[in-house]
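Asker: mind looking at a prediction? Sequence and model below.
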Amino acid sequence: MLVLAGLLVVVALRRRDPVIGSVGRAPGPWPVLGLSLAAGAVFWLAAAGLDALGAWPVTVVNVVVYAVVCVLATRWSRRTG
């Protein structure tokens, strides 16, 4: 899981899309806090459903959340502000 998260970060950071960095401003602290709380809640809910769902669906949910957070963090970090 750690290796996959690291690969997602590397892929997100190596992506060069000039449109991403030039559109809008970086979000303020409140939207970032909201995203962080929502991502954390998804992790907790997925862990809580581990017995009912099994390991594979929980792993897929966690990988999707990792990917979404990495992409958003990369896009936001390229914006001004």
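Answerer: Looks like it arrived, so ask away. Numbering: from 1, shown residues only.
Asker: helix/strand/coil for residue 5?
Answerer: Following DSSP: H, G, I helix; E, B strand; the rest coil, residue 5 is assigned to helix.
Asker: now do the nearest residue to it once chain neighbours are set aside, the pLDDT please.
Answerer: Nearest residue to residue 5, sequence neighbours excluded (Cβ to Cβ, 6 or more residues apart in numbering): residue 66, at 5.2 Å. Using the backbone N, CA and C atoms, a C-beta is placed for each residue, glycine as well. Note on residue 66: pLDDT of 90.
Asker: so residue 66 sits right up against residue 7, yeah?
Answerer: No: Residue 66 lies out of contact with residue 7 (Cβ atoms under 8 Å); the separation is 10.0 Å.
Asker: more neighbours, these two?
Answerer: residue 66 (18 against 12; other Cβ atoms under 10 Å).
Asker: on that earlier part again, need the contact list for the residue nearest to residue 5.
Answerer: Residues in contact with residue 66 (Cβ atoms under 8 Å, 6 or more residues apart in numbering) are 4-5, 8.
Asker: pick out the residue nearest the middle of the chain.
Answerer: The chain has residue 69 as the residue nearest its centroid, 1.2 Å off, counting by Cα atoms, centre = their mean.
Asker: you'd agree that residue is in a helix?
Answerer: Yes: the assignment for residue 69 by three-state DSSP puts it in a helix.
Asker: please name the nearest non-neighbouring residue to it.
Answerer: Sequence neighbours aside, residue 39 is the residue nearest to residue 69 in space, at 5.4 Å (criterion: Cβ to Cβ, 6+ apart).
Asker: and the pLDDT for the one you found?
Answerer: For residue 39, pLDDT reads 91.
Asker: what does residue 15 give?
Answerer: Listed pLDDT for residue 15 reads 63.
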